[in-house]
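> predicted model and sequence below, questions to follow.
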Amino acid sequence: MEFNTPRDLLNAYRNGFDGAVCDPEETAKLLGELKTPLFGAAAYKLYGAGEGKLSLPFLSLLKFDKGFGPAEKQTTGDCVSHSTRNAIDLTRAVEIDIKGESESWVNRSATEAIYQSRGHKRQGMTCSGAAKYVHEKGGILLRKDYGKVDLSKYNSSLGARHNIPNSIYIDEASKHQVKTISAITTIEEARDALANGYGISVCSGYGFSSRRDSKGIAKRSGGWAHAMAWIACDDTRERYKETLFLVQNSWGKWNSGPKVHNQPDGSFWIREKDARGMLSGNWGSWVFSDVDGFPAKKLPNYNFKKFL
């Protein structure tokens, strides 16, 4: 199944299309395997880090990927791979831009291998399955031509039809894994994770309006079995009386209305009560840190002065 326009995607999800799959047993199994299953316990020293603050880590990502947000519109049921990729790229960008890690951005990450890892050819996958893949079973591939498979441009059929050679997972993706994944279960955890530059992928059954209000907020509307990345948090209570989270969709320029804080196209802010609801289910919401990135290139000393 392929979707040609943002309207096709919106209508499909409104009518019951499953892009994100809820599998509580799979999530529970993964939590039992992890050394740091819950963000709140694993990062207890960060508690309160985002309280009262405006945290906009997506601005670091925009420095490296100016097309982040609407540039890649999903064309099949691979929303989980987009949400996971977007969250990881946010973490990766902050690690380079703010935390000064010695690695190169190179390019945005690819979605296709994440989607292929679901292990079947039906539509949709779980957020927990995607998290396990980037952490343990596979890793990160970039938008580039790997020879055996060209991932330089988004091609949903590669992951949907399992057309990525297994050797790519072994030879390339496994070199660049996400070292730490943890479940996010409360808005306080999400707030503090974003305040420290960690991207979050959230699977839920919540749908939202395609029109942002004067404050950039979208009201809840219907239900979507869908995954989206959370890329910012406003806990100042200056713009609204509740904590707000910025959600990045993967449907291109699908919505309209006022934007704030230079948010990307395709994104919208959600209210605290909706955020709580999205995290309270058994769908699985994951935060990513310690991305095993791409070493910085050591260029020779070109000694430009001697040519002046």
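That came in fine, so what should we check first?
> all strands for the stretch 101-250 of the chain, in order.
Counting by DSSP state E, counting those that start in this stretch, the stretch 101-250 of the chain has strands at residues 103-104, 178-183, 200-204, 226-234, 244-248.
> now those strands as JSON lines including mean pLDDT, mean neighbour count and distance to residue 211?
(Each C-beta comes from the backbone N, C-alpha and C, glycine too.) What follows is the strands of the stretch 101-250 of the chain, written out as JSON lines (pLDDT from 0 to 100; neighbours: other CB atoms under 10 Å; distance: least, CB to CB, whole Å):
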{"stretch": "strand 103-104", "mean pLDDT": "84", "mean neighbour count": "14", "distance to residue 211": "39"}
{"stretch": "strand 178-183", "mean pLDDT": "94", "mean neighbour count": "22", "distance to residue 211": "32"}
{"stretch": "strand 200-204", "mean pLDDT": "98", "mean neighbour count": "28", "distance to residue 211": "20"}
{"stretch": "strand 226-234", "mean pLDDT": "98", "mean neighbour count": "28", "distance to residue 211": "17"}
{"stretch": "strand 244-248", "mean pLDDT": "98", "mean neighbour count": "26", "distance to residue 211": "14"}
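> would you list those strands in CSV and tack on distance to residue 153?
Rendered in CSV, the data for the strands of the stretch 101-250 of the chain read as follows (distance: least, CB to CB, whole Å):
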stretch, distance to residue 153
strand 103-104, 20
strand 178-183, 24
strand 200-204, 22
strand 226-234, 21
strand 244-248, 20
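> of the ones you listed, which approaches residue 133 most closely?
strand 178-183 (9.5 Å; CB to CB).
> quick one: the closest one to strand 200-204, angle?
For strand 178-183 and strand 200-204, the angle between their directions (axes from the mean of the first three to the mean of the last three CA atoms, to 10 degrees) works out to 40 degrees.
> adjust the sequence numbering to begin at 45 for everything that follows.
Taking 45 as the first residue, the last one we looked at is strand 222-227.
> next one: strand 222-227 to chain centre, how far?
In this view, strand 222-227 has its centroid 13 Å away from the chain centroid, taken as CA atoms, centre = their mean, to the nearest Å.
> what's the answer for stretch 116-126, then?
Relative to the mean C-alpha coordinate of its chain, stretch 116-126 is positioned 11 Å out (CA atoms, centre = their mean).
> tell me the average confidence for stretch 328-342?
Looking at stretch 328-342 alone, the average pLDDT works out to 76.
> oh sorry, the question was meant for stretch 301-316
On average, stretch 301-316 scores 97.
> buried residues in it?
Neighbour-count burial for stretch 301-316, counted by 16 or more other CB atoms under 10 Å, picks out 303-304, 307-316.
> would you map the helices across the stretch 45-194 of the chain?
Read by DSSP state H, counting those that start in this stretch, the stretch 45-194 of the chain holds these helices, from start to end of the chain: 50-58, 68-77, 83-86, 102-108, 123-141, 156-160, 171-176.
> thanks again, I'm all set now.
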